[in-house]
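In: need a structure here:
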Amino acid sequence: MTARAADRARYDRAAARLDAPLAIVDLDAFDANADDLVRRAAGKPVRVASKSVRCRALLERVLAKEGFAGVMSFTLAESLWLARSGFEDVLLAYPSADRVGFAELTADPKLAAAVTVMADDPAQLDLIDAAREGGRETVRVCVEWDTSLRLLGGRVRVGALRSPLHSPGQVADLAKAVARRPGFRLVGIMAYEGHVAGVGDAVAGRPLRSRAIRLMQSAARRELAERRAAVVRAVREVAPDLEFVNGGGTGSVQHTAAEDAVTEIAAGSGLYVPRLFDDYTSFRGRPAALFAQPVVRRPGVGTVTVLGGGYPASGAAGADRLPQPYLPEGLRYDSREGPGEVQTPLLGPPADDLLIGDKVWFRHAKAGELCERFDTLHLVEGDRVTAAVPTYRGEGRTFL
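Out: Residues are numbered from 1 along each chain as shown. Next up is the predicted model:
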């Protein structure tokens, strides 16, 4: 029996009394992935990206482990909710225009102490001030800067379109604007190198593309390490008591941790290890989060149909954004239909061994987005479900 076949047998036994659709997290794999993130971070704390987990119980589980500290959130409303729930260090990874949320933040000492907001433009500070409604609490600010690799005099740009701040001087100028402004305190700087941390460098069947990605990423890491060190020096001249310098992502943990200028690493997808993280040479994780759909039809030889399953991931549309039929191994989509809103035909020899009511196990392309489809995560240990915990959705929280 292959390892994947053994996993299928375990999951089928664990979920035998549960009706699909359902979602599970294999805690043995989850914990092993967490340990691997800590190992790769080499002594620097890992801040957990909540968008890749979207379950309070699992955020609490990983933060209880040595080597993890703090949450990186994705909306202001989520940040305030987490802070009210007892999370004491929440870094909002994206600028916000939530005026109601900023009014709450600036009026509550507990929230203001727990939540750090993101900025890359003075206009964002103006919006916060305009939203205060009398709230006088000092707002903790982190400045984000752009990590993109620029070639040929800037005519070629590789990297996500995020912050407009690219040079050390630009970052320092905004740092000065924050430091001089009443009601704000500069506590950190952040940079997300998505073109290194979020792009697989071993794409199956694409050796030339994979080599090109590895060459790009090698050049990007060298350039970024030099520029990040210069950015940190420039900002520390403005704010010598800076609390943290955040960087990285699941795909670049060990490379970012090796930079002296970085004090903490951000990661989250590496806990669940969705299918987009199969294409990396820098690490190998264990798939921990899966969902099951029930077989409801057998249209013909070599074909079954499962209920639902059309859960595409965000990003540029393409086949790599679709869930992966994972267990039993050897199933594939019908190219004319793909995964559907209410039903999904699956083709391949394993289909002939599946009966009405059997489960087909899938992996989502991305991590936390799976939780937008399910209210509950069933936690599996060995071949037993030992707990069921709500996702954000299960707690009535759909932040985006």
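In: got any ranges where the stretch 51-200 of the chain has weak pLDDT?
Out: Along the stretch 51-200 of the chain, the model assigns pLDDT under 70 to residues 197-198.
In: now do 90
Out: Residue ranges of the stretch 51-200 of the chain with pLDDT under 90: 147-162, 192-200.
In: list the buried residues in stretch 105-120.
Out: Of all the residues in stretch 105-120, those buried under the rule 16 or more other CB atoms under 10 Å are 105-106, 108, 111-112, 114-120. For every residue, glycine as well, the C-beta is placed using N, CA and C.
In: repeat that for stretch 179-198.
Out: For stretch 179-198, by 16+ other CB under 10 Å, it's 181, 184-198.
In: before we move on, back to that, from the buried residues of stretch 105-120, which two are the most distant?
Out: Spanning the widest gap among the buried residues of stretch 105-120 are 108 and 120, at 24.8 Å by CB to CB.
In: quick check: the gap between residue 254 and residue 146.
Out: Applying CB to CB, to the nearest Å, the value for residue 254 to residue 146 is 23 Å.
In: neighbour-wise, which of those two wins?
Out: Taking neighbours as other CB atoms under 10 Å, residue 254 and residue 146 compare with residue 146 leading, 21 against 16.
In: in three-state terms, label the more buried one for me.
Out: coil (DSSP: H, G, I helix; E, B strand; the rest coil).
In: ok, it touching residue 154?
Out: No - with contact defined as CB atoms under 8 Å, residue 146 does not reach residue 154; the gap is 11.9 Å.
In: how deep is residue 237 tucked in, by neighbour count?
Out: Residue crowding around residue 237 was assessed by other CB under 10 Å; the count is 11.
In: give me the phi and psi for the closest residue to it other than its chain neighbours.
Out: Excluding its sequence neighbours, the residue lying closest to residue 237 (CB to CB, 6 or more residues apart in numbering) is residue 172, at 7.1 Å. Phi and psi for residue 172, reported as degrees, to the nearest 10, are phi -60, psi -40.
In: got the contact list for residue 172?
Out: By CB atoms under 8 Å, 6 or more residues apart in numbering, residue 172 lies in contact with 231, 234-235, 237-238.
In: correct me, but residue 261 touches residue 229?
Out: Yes - counting by CB under 8 Å, residue 261 does reach residue 229; the two are 4.6 Å apart.
In: got the contact list for stretch 156-168?
Out: In contact with stretch 156-168 (CB under 8 Å, 6+ apart) are residues 120-121, 143-151, 170-171, 174, 191-195, 198, 216, 220, 227, 230-231, 233-234.
In: quick one: buried residues of that stretch?
Out: 158-159, 162-163, 165-166, 168.
In: ranges for the helices of the stretch 151-300 of the chain?
Out: For the stretch 151-300 of the chain, helices defined by DSSP state H, counting those that start in this stretch occupy the ranges 168-180, 194-197, 207-238, 253-257, 269-272.
In: which strands or helices does the top strand by length along the chain pack on?
Out: For the chain, the longest strand by residue count, based on DSSP state E, is strand 289-300. Counting contacts by 3 or more CB pairs under 8 Å, 6 or more residues apart in numbering; DSSP states H and E, strand 289-300 is packed against strand 22-26, strand 303-307, strand 343-347, strand 359-363.
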